[in-house]
Each structure stands twice: as structure tokens, then as C-alpha cells.
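Q: Take a look and give me a structure for this.
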Amino acid sequence: MDQENELIELAGSVDSIIYKNEENGYTVLRLVDANGELITVVGCFPYASAGESMIISGTWTTHSIHGKQFKAEYAQRMLPSSAPAIYDYLAGGAVRGIGPATALLLVNRFGDKTLDVLENAPEKIAQIKGISPQKASQLSETFRRQSGMRRLMEYICSFNLRPILAIRLYRYYGDSAIAILRENPYLLAASHIGGSFSEADDMALEMGIELNSENRIAAAVIFELEYNAGSGHCFIPREKLADITGQLIGVEPDRIDTVIETMITDGRIIFEQIAGCRACYLPKLYEAERFTAERIAEMAKEKYALRMDFSALIAGIEKQQGISYAPLQRDTLQMALQNQLVVITGGPGTGKTTSIRAILAMFEKLGLKTLLTAPTGRAAKRMTELTGCEAATVHRLLGAKLAEDEESVVFGKNAGDLLDCDAVILDECSMVDISLMSALLEAMPADARLVLVGDADQLPSVGPGDVFSAIIRSEAVPVVRLTEIFRQNKTSRIVRNAHMINRGEHPDLSENAGDFFRLKRFQAASTVETITELCATRLPQRMKIPSADIQVLSPTRKGELGTVNLNKHLQEALNPPAKEKKEKLFGNAVFREGDRVMQIRNNYDIMWRNEANTAAGNGIYNGDIGVIRQIDPEQETMTVDFDGRIAVYTFDLLLELEHAWAMTVHKSQGSEYRAVILALCAASQMLMSRDILYTAVTRAKELLILVGDDQIAYQMIDNVRQSRRYNALRLRIRKLSGLQG
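A: Down below sits the predicted model:
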């Protein structure tokens, strides 16, 4: 090794923290060495605090702005042992809830034993005047947790992995995380942890696992099945599975196929020959698809004789609702009356909501207890507003929560504890994946009716399967296709253009009138500027649409017109920094009181309450939108208001939130906004598709503005993306229904 690259060792104590990034552990600190010299050190020091001791190995560097620095490669860290150093450590905010005053009380009482008492004897802390037993227990728990988290982060960092993974690992496995990782490093790549397979594989190889080992290959096979489930596939053909796994880990497909055979034998994979395809399933997806097909086929066969005067029944509902139903809507009601299962599909303005209200009223007249549900919080809220009856998300309806293994999801409502209902109406059904549909069907009484409502031309579910489309295409289920645009919607250019887009026609984008506008921009910078102006001033001032009612959409997260960059500009314009607004830097994001944020993964455990504190529950779900009401730096918490559900996030949970003035079209599914601004931007071919544009346009209720180049919109219309999803739901339903092919 060259002399200039040899690692140098420094020892000292931390004087102060200049900067820290809690997402990746990167820290800039001042270290006092044995000679009393103050040294600037940069490196990965998760949870570093003033007062702790360090022995650091690294090299000297010169920063162009900050000058001479010591860049750490490795660090051995020791908590302070002397009373003065312990005071500095605690007074500097190392432990949430302990400030200078409490630190002084603790150190005066326990001296150099303070940290030992804090970790192991909270009852002694409670003997100090002014500290209650509850507060003492809370401080001790916080210190133990942070100590465990720090040990885990240091272990993670020793493999050059992202410290953010330690946050998720510790939340799920606590102090057992290191032992569990040593036993199975591939746990890092599990969906609830969020590491990449390459990160887990690098760790495993460094720990000594063989390149060709069965455990490594099996982990890679499971990873590929789970990864592709996230892309919508319920199964992967066996040859393709061996091939893509081989590409991932550099092992011959024949060796992988041998391991796949073993995994099929021991039940880790389910194998089935489907229409000439050798399908490999994860067991949970196989069971979900099989069960869903069985229930759908059974329900589709169930017919009810018409034992009443249908015309009189409809006349009564029409009088009650002050409406006269069109012939197709009357047919819809009759089908819902005579069938246990019915599907209603149609584009915007075709009367899906009117049909839901009518069926609900009819079921009420029949004395049927009906539950209303939708996949997202926004869709459920809109369903409530449009029907006047309470609707819940499917997750909340079924009582979703994490299982004891803290990896999988279980539902409180299931075959052993059925929903109390005679009928269920499920809206926005195109968003429902195979696992959620299976769970809903399992929790329904065998004789309960089911009405599935949605737009089959919208994007399919993010999760595995193409459930709504497969049920319709099975031709085994009664389907109503609403095609007529009703009179009150015929003047809407949003509705007209959406139907043109869906048919593959190019609307006249130069006709800026009514509720549909296009602002032509050719440069990304001017597009961002225009979108920001529209949200901040032009729409609020000229059209009296407040910023809170405007949603910016983009096909992509990346690039100048992606949601990440748009959110930074929109935050600056709509919620700029102010003295009275507290902030929290987390990773590359600054969370600020007043920010609009979105939950980006299902969290079944987080507690919420309503503002009046008269109701409470568990669970904030992927896609839920809220506003940051309060940030408490001392308690390290952030309070978010999700449409009246108030949830408190500890700072380690902030990785589950992102800003939401701009969101991807995928994330907007199931929601409707007063005004939508769509950034027309070039993206990957997968995202430049007709169904993306159609879904974006149909999110707008009163106003839609396209900002960008017309040609991008036309390219999207012309790109009919036929991304095949590997699933066999349609075939299974047809086979169980006695239909061919």
C-alpha cells in the first residue's frame, strides 16, 4: 500500500456535531484529540453525540471549501465514562427527553454510573425529585433502544451497507436483529426491510457463503418471485425464473433449476402446469389466486328469482332519489337484484356513482346490510361523500395488522370471524390486487352479495394480478359496461377527451376552454416554473381554487419534471421556511410544519386519533395524504393530520413519508381532485403509455391543465402498453365455470 493511502489512527472525544444525516448516518463532527487539538472528522457515525470517545481509522483530505478534514473509514466508539463527559453527552441531546437540566440531575445523583443506571435501573431514576416512575421508565427505554440501534447501525456500516436499513431492522426485530442477520443475511432484501438483493448478497458473501450454495440460490429465487410480484406477476414461468435468477447471481440455470426442484418438493414454491406454461408461484400468491377463482366462480353461478314487482321497486327508488334512471341503469339494478355477483365498469361520466347509489338504495329496501369499501383512503372518503353512507378502506374493513413474525399481514376479519353484512360494494376495483381480493372474499359470508365497480381501462393494481380485468375477461360473471356519457357530463372536455384518449384518438389540445387546458412548454425549467406559478398564484387568485385543492401529477419520480424535483419547488413556493415553522432534515428532504405529505407504505401499527380525541385506531396506509401539524425536536416526533386522523411519527418512521404536492400517476389512482396539473415529460417507455395518461386525466374533477409538449401526450396515446402479467385467474374462473379456454 502506498504511504499516502495508509490509514492513520486518531483517538479523542467528540466535542460537537456540525451536521448529521439520520437517513444514511453521514456525520461531520469536531473531535478533541489527546493533545487538545480540535479536528474536523467526516464519516458514517450514526447517533454520534458530544462526549463519546472514538478511535478512528482514516485519511487526511482537503475539502475545496471547508479545508483540512479527517475522512473516517472505520471507528471504534465508546460511550463516555467520566461524569463530566456523561453530562456533555446527555446535555447535548443524545437521549430523547433529556436536556441540560435533567442531565445535571442524573449526573449529580449517579456520577460516572449514570449511563449504567439509565440502561438498567430506571427505578433509581424515579427516586429523583421531579422525575415520575413513568418518565424514568420512558427515558430508560429510549436509551436502551438508541443503544441497540447504534450497535446495529455500526454492524450494518461494517459491511458498507446503508444505515437506513438498520432503522427498519431494529423496528421489526429489536435487539435480536444482529443475531437474525448473522443467521440469514438475505433478510435484508425482504420487502418490509427494503434492501436490495445485491446488498444482502454482498453481506452474505463477506460472511463466507459459497457462490454456488443452495441457500444463496434459494434466496435469489425467492427474491425474484417477490420482486416480480411487485411488478404485478402472480407467477413466473420456470425456465424464465431459472434464467433471471442466473443473471442476478452469476450461476448456471441448470444448477438453479435443481434448487427450484428442491424448493418445489419442500413447499417453498408451488409448481403448476397452466395452459402450456410451467408456472412457479410463491405459496401465498398461489393460494390467493386459487381461492379467489373458486369464490368468484361459485358466486357467479348463484342466481335469485325475481319475487317482487321490479318496476314498482325502481319507481320508489327514483322518487326517493329524485332521478329517472336510463335503461342501462335499470338493467344494472335488475342484474344486481338477481345475481350474487355483478361487475360494473365504465369510464368517467358514465354513471358508475349513480349506479352505486341506486344499488345501495335497492339493497336497503330489501333489508340487506351493505358495506361500502374501496382500496384507498381517498377513494373511501369520496365514496362516503357521494353516497352519504360510511365507507372504509378494504384494509380497515378487514382489520389489517402485522402478523407475529412482523413480516406478513393478517386480517382480523377472515373465515373464522366473518364480516357482519349481507352485501359489499367495492369501488375502484381495478386497484385491488389478488391478495386483497382473496382476503375480502374469505371474510364475506358465503351468501353475501358482491358488487365490483371500476374502470377496466385504468392502470392495473400495483400489487400482483390483474384482478378486475381478469374477472371481466373470464366471461363467467354478469358484467354491465356503462358507455353512455350522461347529459350533465357531455359539456365536460375532461370527460370527452378522456374517452377520446381511451379510444386512441388525439384530442385537440389547442382548444383551451371549459375545464381542460394545455399550456405549451418545451423546456423542463419553464415547465417547472409554470406549474409552480399555477399552484402558488394563478389558480388561487384567478380561479379561486386554493392550493390545497390542486394536485400535481407526473408519470415519473425522476428528472427535472419528476415528483421529487417538483415537490422541492412546490414546497419552496407553497410552504417556505419561516421562524414559526419547525423543520426536520431527513435524508435529502426537509420536512416542515404545514407540508403536504404522503404515506408510501402500509403501516398497520401506527396509532391515530381524531381531533376531538373521541375515536382512535391503528393503521396508516400507502397513498394516505396528510399535513404536518407539529414537529417536536426534543421528543423527536412529528404529528401528521390525515383528513382528521392524527398520527404521531417518531423520526425513525420518516422514511415512510414523502412530500405530496406532486405525486406519480400510479399513486393518484383511486383519488379525485378538484384541479389536476399534469407535467407532460419524457420518461421510460413503460410510463409513456395511454393508460397512464388516461388515469391522470380522469383524476380531475373540475379542472385539468396539461403543461408541456403536445407531442408527449400524443406519444402516450399511441403507446398501447400491453405488459403481460403472469397470472391465471381468468383461466381458473373459466375452468371452474365449465367454460373452454
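Q: L655 - that's part of a helix, no?
A: Yes: residue state for L655 (DSSP: H, G, I helix; E, B strand; the rest coil) corresponds to a helix.
Q: isn't it right next to I167, touching?
A: Yes: taking Cβ atoms under 8 Å as the contact criterion, L655 and I167 are neighbours in contact, 6.6 Å apart. Every residue, glycine included, has its C-beta placed from N, CA and C.
Q: Of the two, which one has the most company?
A: Shown here are L655 and I167; by other Cβ atoms under 10 Å, I167 has more neighbours (23 against 18).
Q: how near is S510 to R382?
A: With distances defined as Cβ to Cβ, to the nearest Å, the gap from S510 to R382 amounts to 32 Å.
Q: Looking at those two, which one has more neighbours?
A: Set side by side, S510 and R382 show more neighbours around R382, with 20 against 8, by other Cβ under 10 Å.
Q: residue contacts, the closest residue to that one other than its chain neighbours?
A: Take R382 and drop its neighbours on the chain: the residue closest to it by Cβ to Cβ, 6 or more residues apart in numbering is E672, 5.6 Å away. Neighbour list for E672: R378, R382, R699, A700, K701 [criterion: Cβ atoms under 8 Å, 6 or more residues apart in numbering].
Q: Kindly report the same for A448.
A: A448 sits next to Q340, L419, C421, D422, A423, V424 when contact means Cβ under 8 Å, 6+ apart.
Q: how much space between the second one and L441?
A: Think L419. L419 sits 11 Å away from L441 when distances are taken as Cβ to Cβ.
Q: Same question for G174.
A: Distance of G174 to L441, given as Cβ to Cβ: 35 Å.
Q: ok, those two, which is more surrounded?
A: Neighbours of G174 and L441, each counted by other Cβ under 10 Å, are more numerous for L441; the result is 20 against 15.
Q: Do I have it right that the more buried one meets F291?
A: Yes: contact between L441 and F291 holds when scored by Cβ under 8 Å: they sit 6.9 Å apart.
Q: most residues in a single helix of this protein, which one?
A: In the chain, taking DSSP state H as the definition, the longest helix is helix 133-157.
Q: contacting residues around that one?
A: Contacts to helix 133-157, defined as Cβ under 8 Å, 6+ apart, come from residues 25, 44, 46-47, 75, 77, 94-98, 102, 115, 118-123, 125-126, 128, 131, 162-163, 165-167, 169-170, 174-175, 177-178, 181, 652.
Q: Give the next helix or strand downstream of that helix.
A: Next along the chain after helix 133-157, taking DSSP states H and E as the criterion, comes helix 164-173.
Q: Could you list every helix and strand that the next helix or strand after that following helix packs against?
A: Elements were assigned by DSSP H and E; along the chain past helix 164-173, the next helix or strand is helix 177-183. Judged by 3 or more Cβ pairs under 8 Å, 6 or more residues apart in numbering; DSSP states H and E, the packing partners of helix 177-183 are helix 133-157, helix 164-173.
Q: Dump those helices into CSV; add mean pLDDT and distance to H506 as well.
A: Written out in CSV, the entries for the helices and strands packed on helix 177-183 read as follows (pLDDT from 0 to 100; distance: least, Cβ to Cβ, whole Å):
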stretch, mean pLDDT, distance to H506
helix 133-157, 84, 52
helix 164-173, 82, 45
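Q: Mean neighbour count, those helices: which tops it?
A: Burial of the helices and strands packed on helix 177-183 is given as mean neighbour count (mean count of other Cβ atoms under 10 Å); helix 164-173 ranks first at a mean of 22.
Q: Report the angle between that one and helix 133-157.
A: Direction vectors for helix 164-173 and helix 133-157, defined by axes from the mean of the first three to the mean of the last three Cα atoms, to 10 degrees, enclose an angle of 130 degrees.
Q: Which strands or helices does helix 164-173 pack on?
A: Using 3+ Cβ pairs under 8 Å, 6+ apart as the contact test, the elements touching helix 164-173 are helix 133-157, helix 177-183.
Q: repeat that for 10 Å
A: Taking 3 or more Cβ pairs under 10 Å, 6 or more residues apart in numbering; DSSP states H and E as contact, the helices and strands that helix 164-173 lies on are helix 133-157, helix 177-183, helix 197-206.
Q: circling back to that earlier point, what subset of the contacts of helix 133-157 is buried?
A: Among these, those classed as buried by neighbour count (16 or more other Cβ atoms under 10 Å) are 25, 44, 46-47, 75, 77, 94-96, 98, 102, 115, 118, 122, 125-126, 128, 131, 162-163, 165-167, 169-170, 177-178, 181, 652.
Q: wait, what's in contact with A589?
A: Under the criterion of Cβ atoms under 10 Å, 6 or more residues apart in numbering, the neighbours of A589 are E23, V564, N567, K568, Q571, D595, V597, L654, L655, L657, E658, H659.
Q: buried ones in stretch 692-711?
A: Neighbour-count burial for stretch 692-711 flags 692-701, 703-710 (criterion: 16+ other Cβ under 10 Å).
Q: cool, and stretch 351-366?
A: Taking 16+ other Cβ under 10 Å as the basis for neighbour counts, the residues of stretch 351-366 that come out buried are G351, K352, T354, S355, I356, R357, A358, I359, L360, A361, M362, F363.
Q: Look up how far L371 lies from the residue nearest to R382.
A: Going from E672 to L371 by Cβ to Cβ gives 21 Å.
Q: now do T61
A: According to Cβ to Cβ, T61 stands 63 Å off from L371.
Q: can you check N603 too?
A: Following Cβ to Cβ, the distance that separates N603 from L371 is 24 Å.
Q: So what does the nearest residue to L731 once chain neighbours are set aside look like in phi/psi?
A: Computed as Cβ to Cβ, 6+ apart, the closest residue to L731 that is not its neighbour in sequence is A275, at 5.9 Å. For A275, the backbone dihedrals (degrees, to the nearest 10) come out as phi 50, psi 50.
Q: L739 now?
A: phi -100, psi 160.
Q: residues in contact with it?
A: Applying Cβ under 10 Å, 6+ apart as the definition, the contact partners of L739 turn out to be A297, S474, E475, A476, L731, I733.
Q: which among those residues gets closest to A525?
A: Using Cβ to Cβ, S474 comes nearest to A525 of these, at 49.0 Å.
Q: what's the spacing between the closest residue to that closest one other than its chain neighbours and N108?
A: Leaving out its chain neighbours, the residue that sits closest to S474 by Cβ to Cβ, 6+ apart is I733, at 4.0 Å. Summarising the geometry, the distance separating I733 from N108, computed by Cβ to Cβ, is 73 Å.
Q: Please say which of the two ends up with more neighbours.
A: In this view I733 and N108 are compared by other Cβ under 10 Å, and I733 has more residues nearby, 24 against 12.
Q: Just to be sure, the more buried one is in a strand?
A: No: inclusion of I733 in a strand is not indicated when three-state DSSP is applied; the result is helix.
Q: Make sure it is actually in contact with I296.
A: Yes: proximity of I733 to I296 meets the contact threshold set by Cβ atoms under 10 Å, at 5.4 Å.
Q: what sits in contact with each of the two?
A: Overlap between the neighbourhoods of I733 and I296 consists of A470, I471, S474, A476, V477, taking contacts as Cβ under 10 Å, 6+ apart.
Q: neighbours of the residue nearest to L731, just the number please.
A: For A275, the count of nearby residues is 9 (other Cβ under 10 Å).
Q: Find me the pLDDT at V14, would you?
A: pLDDT for V14: 89.
Q: and if you look at E656?
A: 90.
Q: For it, which residues are in contact?
A: E656 is in contact with R168, V597, M598, Q599, I600, R601, N602, N603, I606, I620, N622, Y649, counting by Cβ under 10 Å, 6+ apart.
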